[in-house]
Every structure is written in structure tokens, then in C-alpha cells.
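A.B. asks: Requesting a structural model of the entry that follows:
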Amino acid sequence: MTYEAVIGLEIHAQLLTKTKIFCGCSTEFGAPPNTHTCPVCLGMPGVLPVLNRKVVDYTLRMSLATNCTVAHESRFARKNYFYPDLPKGYQISQYELPIAEHGHVFIEVNGEKQRIGITRIHMEEDAGKLTHDPNLPISAVDFNRTGVPLIEIVSEPDMRSPQEAGAYLRQLRAVLRYLEICDGNMEEGSFRCDANVSIRPSGTDTFGTRIELKNMNSFRHVENALTYEIERQKVSIEDGRELVQETRLWDEDKGVTVSMRGKEEAHDYRYFPDPDLLPLVIDEAWIDEVRATLPELPDEKRARFVEAYDIPSYDAEVLTSSRALADYFETCVKQFPEAKTVSNWVMGSILAVLKTENKTIEESPVSPERLAELLRLIDSGVISGKIAKTVFDDMVSTGKAPEAIVREKGLVQVTDTDAISEVVNQVLSEHEQEVTDYKGGKTKLFGFFVGQVMKATRGKANPKIVNELLKKELDA
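C.D. replies: Predicted coordinates for the structure are as follows:
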């Protein structure tokens, strides 16, 4: 029997507000433990939460960007459970009346576009953080993260493969970053994902036993965990073992999922409306105000790049993977209007340097203006493409302008036909056997001759002139 997977994702995104959702404590990451706390986020008796309007604004931005219907009235609820990092004994979230529902985004996998539904988006506060001592039976609690604003984005079970889940995850992260409401950092926990996965016989509509997967802090972990879990469920069913609804943790080192606990249901949390918070009322004017601030989103920008710049879809997908990278590309194209050439350099040399130096595009050692200057030098024949690679490396290490590097190192391309002709004749006279072989039909030796001329001129000869002169001499 063949099976298909049914996958839904629950994504928690930390919002980039300066203060927490219900108090004025800082949300800054990396502060000493328990220094960003107050009686409100610590749940002291007699204190009252006050909703941060910026949290609502940011949630509305994401709701509108993902085609959700915004509720004119929503409510906060108490999600009750005990854990040492939850000081109040409950988490303020939303349950029956979330701020937004019934949205969707589109993903593309293997050239096919697919619509993934979004069940709901709601606001909630984060819990604290436990640190476990590896040598002693002691755990420490840091409440700095308690009360940090989150939005939870719950998908419909519309994904059928780990690749689709990965594509959906990347798409939502890109939208959040374009909106500048979440930094999307999975390693630091500001963008977290839980997956629900089951399998069923292909061609059927009934759902199988749902397993929740946690502890996945990268796109690769999500895809690997789903791949393993789908196969584990298939083997269990074929061996006649009954699957149990549960929560499992992904162990990246061993490449397996491990049982953690039975899966909780909504009634286990005893949700009820929070009596300390009024219903949240959002009118059309507020929605319109937020809609007017939305930027061009990844899908729109990707389509525009293909249409306006005549670049391949793959290039457009890479270049629009972040808003800052897209801005870098467009800034460069404005000053050097050869979009495909710019795309090649950005996707090649620029991204390679950023990966090597572990930097973001905003921290690039070569600005888009400097890259455009370098490309103009190539286009005008001042330097060759090969020399440009050397100049680029110097730009990265020194921060100097390309023209200054070319001038200081004497890298100006040789375009004097007579001078190049002299080198060509010398190379051919030194390789008489290769010339004979070439004329005897071994035409692939042409590249050898080009390489010898470029070597003799230390890469400075104009390649176009070299090719023309060699062809003229060898075909004579």
C-alpha cells in the first residue's frame, strides 16, 4: 500500500517590538538573566496587563499580508498549565476569538504552485527559559523572555511532503522579514516551528493519527524530522503497531524522533477569557491604516523582477529571499543597468563572501554602488572579467574603490592590438607542435592558446582581442 503524508505547521514568530506585550519591559535579546522583568510579567498579585498597541499593528500587518480576514472583535484567553518558566501558572493567548482567520499563501515546489491555507493567526505572550546544569540536578529560570510578544500562525493540513513544509516555512519567514516585524532567526528562537504530521492510504480523505514534532531549529531540521517521522509511521502501520497521538522531539544528532509525552488537547489547558483584558475592537479605519503601510511582498517583487529585469525565475527567487538583498540588487541595477550581469555577481561573489564571513547583506563589505563601479570598469574594457575577480577580492579586504585598486596595482587591461599580436605570435612560435595538432583537427587546443596568452600578459590582455587574433593566425 502507498501512503501520503498530511502536514500542518504551527509557527511562533517573535515580534520586533521594543517592549513586551503587556508591560514596559525591554525585549532586547542577550541581557543578563532576570534583568528585563517587572511585577506584571512576573505575575505578582494585584498587577494588571496593558496591551501594547504596536503588537496589534504588527499582527494586523501579517494578517493582511497573508490574506486573512481580520476580526473586528477578538478576545484574550488564559491557557492554563504548570511549568517552572511560566510565573503566572497560565499563558495569555487567544483561543475561541483570534484576531485573524482563513488566510492563505502560495508556495512553489518543483515548478508547481500550491495554495496553503492559514487557519488562524493569534497573539500571545512567550514563556521564560530554563537552563539545565549538565553536572548537577539543578535548573535555573530566566524570566527575561516572559511576556515577549508572539504571533502564532496555524496552517491548514495542506502540505503533503517535507519539501512543501520547508517551502511554506521559508515563505512565511520571508513575509515576516519583508514586513520588518520579526527577524526570522530560528537559531535564537525568534522564529519557531512545531509540525503536526500523519499518514493515510493514498487516495483517501480520512486523517490518520496525528503526531506533533518539536525541537526543530532550522529549515533542514524540519524537513529531516518530517522525512524520518513519515517513514517511522509507515513502518509502524505495516508492522501492525498502533500509532499513538503524542508529542515527539527531533534528535538531530541521532537523526530520529523521540517520544516526549502524550499530545494535549485544547480542553487540557482549560481555556477561558482573561478577565483582566477587555475585548480587542478593531475598526475598518485601523485596518485601512495598516494596509496602507504594507510593502511590496516577496511574491509581488519576484514577479516584478522577472518581468522588469528579464532575469530567470530562479534568480528572482534568490534575489527576493530578503528585502535587503532585493534592495541591494535594485540599487546596483540603477547604476549599472545590466540586470543579469548584476544578478550573476550578487548571487555569486557577493553571497559567497557573506557566507564565508557570516555576514548579512546589510553588512556587505562591498556596497551596491562599489559593485556597480566595478562592473562599469569591465564593461568599458578597462579590466577583464578575470582581473575583476582579483579587484573584487581586494575591495572586500581593503574597502577601497575599484578604480583605486586598478590604478595602484597597474591592472588596466591591455587593448593595444599590436602589443597583444606580438604576444600571440610569440606563444604560437613556442608551441609549434600544438599549432600543428590544432590545424590537424584538434580544435579544442584553442583554449590552451588563449590561456597561454593570458598567462604571458598576467591576465591583462583583452580576451576578445586575444580570441580574434588567435583565430586569425591559426585559421590562416
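
A.B. asks: Could you tell me which residues make contact with G262?
C.D. replies: V244, Q245, E246, T247 (Cβ atoms under 8 Å, 6 or more residues apart in numbering). C-beta coordinates here come from the backbone N, C-alpha and C atoms, glycine included.

A.B. asks: Please name the bridge partners of it.
C.D. replies: E246 (DSSP bridges).

A.B. asks: got a pLDDT number for it?
C.D. replies: pLDDT for G262: 73.

A.B. asks: With V235 instead?
C.D. replies: For V235, the model assigns a pLDDT of 94.

A.B. asks: Tell me how far it lies from R241.
C.D. replies: 8 Å (Cβ to Cβ, to the nearest Å).

A.B. asks: List the neighbouring strands of the longest strand anywhere in the chain plus their orientation.
C.D. replies: Longest strand of the chain, by residue count under DSSP state E: strand 112-125. Taking DSSP bridges as the criterion, strand 112-125 sits next to strand 100-109 (antiparallel), strand 149-155 (antiparallel) in its sheet.

A.B. asks: out of those, nearest to H267?
C.D. replies: strand 149-155 (17.6 Å; Cβ to Cβ).

A.B. asks: Helix or strand next in line after that closest one, which one?
C.D. replies: Using DSSP states H and E, the helix or strand that follows strand 149-155 in sequence is helix 162-179.

A.B. asks: quick one, what contacts N80?
C.D. replies: Counting by Cβ under 8 Å, 6+ apart, N80 makes contact with G89, Y90, Y269, R270, Y271.

A.B. asks: and if you look at S343?
C.D. replies: Y309, I311, D315, L319, F329.

A.B. asks: Check the offset of stretch 365-384 from the chain's centre.
C.D. replies: Centroid separation between stretch 365-384 and its chain, computed with Cα atoms, centre = their mean, to the nearest Å, is 28 Å.

A.B. asks: CA atoms only: put that stretch into CSV for me.
C.D. replies: Output of stretch 365-384 as CSV, limited to C-alpha atoms (Å, rounded to 0.1, in the frame of the first residue of the first chain):
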residue,chain,number,x,y,z
PRO,A,365,32.0,44.8,2.6
VAL,A,366,31.2,45.8,-1.0
SER,A,367,28.3,48.3,-1.3
PRO,A,368,26.0,48.1,-4.3
GLU,A,369,27.5,51.4,-5.5
ARG,A,370,31.0,50.0,-5.4
LEU,A,371,29.9,46.8,-7.2
ALA,A,372,28.4,49.0,-10.0
GLU,A,373,31.7,50.8,-10.3
LEU,A,374,33.5,47.5,-10.8
LEU,A,375,31.0,46.3,-13.4
ARG,A,376,31.4,49.6,-15.3
LEU,A,377,35.2,49.0,-15.4
ILE,A,378,34.6,45.6,-17.0
ASP,A,379,32.0,46.9,-19.4
SER,A,380,34.2,49.8,-20.6
GLY,A,381,37.2,47.4,-21.2
VAL,A,382,39.4,48.9,-18.5
ILE,A,383,39.8,45.5,-16.9
SER,A,384,38.9,41.9,-17.9
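
A.B. asks: and for that stretch, what are the contacting residues?
C.D. replies: For stretch 365-384, using Cβ under 8 Å, 6+ apart, the contacting residues are 328-329, 331-332, 335-336, 338, 341-342, 345-346, 350, 353, 357, 359, 385, 388, 391-392, 395-397, 399, 401-403, 406, 411-413, 415, 459-463.

A.B. asks: just for the stretch 151-300 of the chain, where's the confidence low?
C.D. replies: 263-264, 266 (pLDDT under 70).

A.B. asks: which residues of it fall in strands?
C.D. replies: 191-201, 211-216, 246-251, 256-262, 272-273, 280-281 (DSSP state E, counting those that start in this stretch).

A.B. asks: For K54, which of those is the nearest?
C.D. replies: Across those, closest to K54 is strand 280-281 (Cβ to Cβ), at 13.6 Å.

A.B. asks: So which elements touch the closest one?
C.D. replies: Secondary-structure packing of strand 280-281 (3 or more Cβ pairs under 8 Å, 6 or more residues apart in numbering; DSSP states H and E): strand 73-74.

A.B. asks: circling back to that earlier point, with the contacts of G262 in mind, which one is nearest to V50?
C.D. replies: Nearest to V50 among the contacts of G262, with distances taken as Cβ to Cβ, is T247, at 33.5 Å.

A.B. asks: Contacts only, for the closest one.
C.D. replies: T247 neighbours (Cβ under 8 Å, 6+ apart): I211, E212, L213, K214, S259, M260, R261, G262, K263, E264.

A.B. asks: Quick check: pLDDT value at G128.
C.D. replies: 94.

A.B. asks: next one: Q335
C.D. replies: On pLDDT, Q335 comes in at 96.

A.B. asks: roughly how far out does stretch 100-116 sit from the chain middle?
C.D. replies: Using Cα atoms, centre = their mean, the offset of stretch 100-116 from its chain centre is 17 Å.

A.B. asks: meant to ask about stretch 4-20, not that
C.D. replies: Relative to the centre of its chain, stretch 4-20 is centred 14 Å away, using Cα atoms, centre = their mean.

A.B. asks: again with stretch 129-148
C.D. replies: Put simply, stretch 129-148 sits 29 Å off its chain's centre (Cα atoms, centre = their mean).

A.B. asks: All the helices of the stretch 201-350 of the chain, in order from the start?
C.D. replies: Counting by DSSP state H, counting those that start in this stretch, the stretch 201-350 of the chain has helices at residues 219-238, 284-291, 298-309, 313-319, 323-335, 339-345.

A.B. asks: Determine the set of other helices and strands touching the third one.
C.D. replies: Contact partners of helix 298-309 among helices and strands, from 3+ Cβ pairs under 8 Å, 6+ apart: helix 162-179, helix 313-319, helix 323-335, helix 339-345.

A.B. asks: Run the angle between the helix or strand harbouring L64 and helix 298-309 for me.
C.D. replies: Remark: L64 resides in helix 53-65, with elements defined by DSSP H and E. Put simply, helix 53-65 runs at 60 degrees to helix 298-309, going by axes from the mean of the first three to the mean of the last three Cα atoms, to 10 degrees.

A.B. asks: List the beta-bridge partners for L213.
C.D. replies: A195, R248.

A.B. asks: Next, work out how far apart it and D251 are.
C.D. replies: Counting by Cβ to Cβ - L213 and D251 are separated by 11 Å.

A.B. asks: Overlap in contacts, the two.
C.D. replies: Between them, L213 and D251 share the contacting residues T257, judged by Cβ under 8 Å, 6+ apart.

A.B. asks: between these two, who's got more neighbours?
C.D. replies: Applying other Cβ atoms under 10 Å to L213 and D251 shows that L213 carries more neighbours, namely 24 against 13.

A.B. asks: Surely the more buried one touches S259?
C.D. replies: No - look at L213 against S259 with Cβ atoms under 8 Å: they stay out of range, at 11.2 Å.
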